[in-house]
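Trainee: The amino acid sequence is not available; the structure is as follows:
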């Protein structure tokens, strides 16, 4: 079977599947790899199409937040796990067969990937339920990251515990069930 898939469609699909796996608390390596692939497509698209990317894109290779003398070091560190999971050639030559993987980093990649998808798709962006659940979870998990006016929205979710991903996964499972 053959299907036509656009680059942005692939990025969206990878991101949605990563979110589902994230809330199911499945394989953190797979989740990180999917989000990394999605984010790479989106960053490349932003660069190649000439979209004016906004300053909030912290994980972009050309982020304005890193001093001029550290961009290479920045890129290596941000992409370390993703590249380790994707490539073997340089690592094997250097004798690097393991990595200390900080899984929390994936949460920030997901956050940026959703923002990049919104930036790339612009008016056609569909704020899917998976994205809404993640933003709700993120707002509860990291309330201090948000501007005060944004925190109001998350108060509606205050009965949910951001450390219990199963509660958020239950929302996604319910949303995918057909109504009868």
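Mentor: Nice, I can see it. From a predicted model like this one, the values you see are computed outputs, not experimental measurements.

Trainee: Surely residue 11 and residue 43 touch.
Mentor: No. The pair residue 11 / residue 43 is not scored as a contact, 9.7 Å apart, by Cβ atoms under 8 Å. All C-beta spots, glycine's among them, are computed from the backbone N, C-alpha and C.

Trainee: okay, these two: which has more neighbours?
Mentor: For the pair residue 11 and residue 43, the greater number of neighbours falls to residue 11 (26 against 21), based on other Cβ atoms under 10 Å.

Trainee: The more buried one: which element?
Mentor: Mapping residue 11 onto the secondary structure by DSSP states H and E places it in helix 7-23.

Trainee: Next, the angle helix 7-23 makes with the helix or strand just after that helix.
Mentor: The C-terminal neighbour of helix 7-23 among helices and strands, as given by DSSP H and E, is helix 28-49. Between the direction of helix 28-49 and that of helix 7-23, the angle (axes from the mean of the first three to the mean of the last three Cα atoms, to 10 degrees) works out to 150 degrees.

Trainee: Give me the residues contacting helix 28-49.
Mentor: If you take Cβ atoms under 8 Å, 6 or more residues apart in numbering as the criterion, helix 28-49 is touched by 7-8, 10-12, 14-15, 17-18, 21-22, 51, 53, 57, 59-62, 79, 81-82, 85-86, 101, 103, 105-106, 109-110, 112-113, 116-117, 119-120.

Trainee: got it, and stretch 129-149?
Mentor: Counting by Cβ under 8 Å, 6+ apart, 16, 19-20, 22-23, 107, 110-111, 114, 150-151, 153-154, 157-158, 160-163, 165, 168, 171-172, 175 sit against stretch 129-149.

Trainee: Are any of these buried, and if so which?
Mentor: With neighbours counted by 16 or more other Cβ atoms under 10 Å, those contain buried members at 16, 19-20, 22-23, 107, 110-111, 114, 154, 157, 160, 162, 168, 171-172.

Trainee: Do you have the helices of this protein handy? List them.
Mentor: In the chain, the helices defined using DSSP state H lie at 7-23, 28-49, 71-86, 89-93, 105-121, 129-141, 148-154, 165-176.

Trainee: what bits of this protein have low per-residue confidence?
Mentor: Low-confidence regions of the chain, defined here as pLDDT under 70, cover residues 49-67, 70-71, 74-75, 178-180.

Trainee: what residue is smack in the middle of it?
Mentor: Here the mean C-alpha position of the chain is nearest to the C-alpha of residue 110 (Cα atoms, centre = their mean), at a distance of 1.5 Å.

Trainee: what angle do the helix holding residue 11 and helix 105-121 make?
Mentor: 150 degrees.

Trainee: Packing partners of helix 7-23?
Mentor: Applying 3 or more Cβ pairs under 8 Å, 6 or more residues apart in numbering; DSSP states H and E, we find helix 7-23 packed against helix 28-49, helix 105-121, helix 129-141, helix 165-176.
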